[in-house]
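[1] what shape does this take:
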Amino acid sequence: GPLYLVASSSCGDTVPYLSRQLAALHAQLLSVLTSKVEEVFARNAGFDLRSLLGGTDRALQRMLRGATSSPSLLLQAPPAMRAPPALH
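    Residues are numbered from 1 along each chain as shown. Take a look at the predicted model:
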């Protein structure tokens, strides 16, 4: 069955911004999960996906929290990289 992702905001984030957050979350989930997911869901559509994530829920939460402090997701731009001190 399909995987439904839902977002809400208590700080007035726009729908397009929340959609981009969900798209980033979806991409991260796909990178963590394997093809075994389809087999598991075929056998049990109500399977709790969290057990397959192997503790990555904290990393996903950090990614989403970081999205609020980083303009790269809002601007749909690559994140800024810090220059080494030698280049200053």
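[2] tell me how far Leu64 lies from Ala83.
    To Ala83, Leu64 is 27 Å away according to C-beta to C-beta, to the nearest Å. C-beta here means a position set from N, CA and C on the backbone, and glycine is covered the same way.
[3] more neighbours, those two?
    Comparing Leu64 with Ala83 by other C-beta atoms under 10 Å, the one with more neighbours is Leu64, at 16 against 8.
[4] the more buried one touches Leu25, doesn't it?
    Yes - using C-beta atoms under 8 Å, Leu64 makes contact with Leu25 at a distance of 6.5 Å.
[5] can you tell me the SS state at Ser72?
    Secondary structure, DSSP: H, G, I helix; E, B strand; the rest coil: Ser72 is helix.
[6] in which helix or strand does the residue lying closest to it once chain neighbours are set aside reside?
    The spatial neighbour of Ser72 that comes closest, neighbours along the chain excluded (C-beta to C-beta, 6 or more residues apart in numbering), is Pro79 at 4.1 Å. Taking DSSP states H and E as the definition, Pro79 sits outside all helices and strands.
[7] ramachandran angles for Pro79?
    Dihedral angles of Pro79 (phi, psi; degrees, to the nearest 10) stand at phi -70, psi 150.
[8] now the helices for the protein?
    All helices of the chain, identified by DSSP state H, fall at 15-32, 36-43, 57-69, 71-75.
[9] report the contact partners of the spatially most central residue of the chain.
    Within the chain, one residue has its C-alpha closest to the average C-alpha position: by C-alpha atoms, centre = their mean, that is Leu25, at 1.7 Å. With contacts defined as C-beta atoms under 8 Å, 6 or more residues apart in numbering, the neighbours of Leu25 are Leu5, Leu60, Met63, Leu64.
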